[in-house]
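Peer 1: Provided below for reference: sequence and predicted model.
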Amino acid sequence: MDVMEAIYQRRSVRAYTGQPVDKATGEVLIKAATQAPSSMNEQPWAFAVIQDPKRLAAWSERIKAHVLQHLKPDSPLAKYRDILSGPDYHVFHRAGTLIIICARSGAHNGEEDCSLAAQNLMLAAHAMGLGTCPIGFARPWLNLAKSKREVAIPTGYKVVFPVVVGYPKGETAAVSRKEPKIVVWR
Ligand SMILES: Cc1cc2nc3c(=O)[nH]c(=O)nc-3n(C[C@H](O)[C@H](O)[C@H](O)COP(=O)(O)O)c2cc1C
């Protein structure tokens, strides 16, 4: 698949079969992620791969509770209150694999580097027939000290980009894009 096709066809997939990707596939995706550019070539990323459905379901419940507990009425996330309150909503969309991209603390531009790595991973996954979805809801909970201990994220790393990967169940409709706002072109 050519890169423009991947860019234009990738979607955030929210329905999965639940089958985890095998280790070789996961490694291909992570290797693709590490081909991203990084500030001063620091490559400050580290990857945590979670494929235990029971753990993911339990964390999903705790993440929902954490987000709801900290949701301020004026937050842009407030529109998701009803969705997050639903007992059937699974934060990880029941995907078989969660990859948590972490940045070494103190990296010069760790968040940018890891976000670029995530985009590489998502495009590579799409080219391999897999679906992905960024899971921003999970980030605050994953960054709590007690969650990091439970997930086994080493001290000295912060969670930047959780992303689920899996085999899509059905088609995902495209979300429209606004026209680019070009503010100057001299
Ligand atoms: C930083 C970030 C966090 C996101 N968090 C979530 C999330 O928690 N759950 C979810 O279902 N989608 C999440 N998304 C996916 C966006 O909703 C999605 O990218 C957007 O609606 C555009 O759709 P598309 O990815 O299919 O083009 C997130 C995307 C980004 C970039």
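Peer 2: Arrived safely, thanks for sending. None of these values were measured; they are calculated from a predicted model.

Peer 1: Tell me how many other residues crowd the residue in the chain positioned nearest to the ligand.
Peer 2: Residue nearest to the ligand within the chain: residue 136 (2.8 Å; Cβ to the nearest ligand atom). For every residue, glycine as well, the C-beta is placed using N, CA and C. By other Cβ atoms under 10 Å, the residues close to residue 136 number 12.

Peer 1: Beyond the host helix or strand of residue 63, next helix or strand please.
Peer 2: Counting by DSSP states H and E, the element that carries residue 63 is helix 53-70. Downstream of helix 53-70, the first helix or strand assigned by DSSP H and E is helix 81-85.

Peer 1: Looking at the spatially most central residue of the chain now. What's its pLDDT?
Peer 2: Closest residue to the average C-alpha location of the chain: residue 163 at 2.0 Å, with Cα atoms, centre = their mean. pLDDT recorded at residue 163 is 98.

Peer 1: what is it paired to in the beta sheet?
Peer 2: Counting by DSSP bridges, residue 163 forms beta bridges with residue 99, residue 134.

Peer 1: Give the burial count for residue 97, as a bare number.
Peer 2: Residue crowding around residue 97 was assessed by other Cβ under 10 Å; the count is 26.

Peer 1: pretty sure it is touching residue 22, no?
Peer 2: No - with contacts counted by Cβ atoms under 8 Å, residue 97 stays clear of residue 22, the gap being 9.7 Å.
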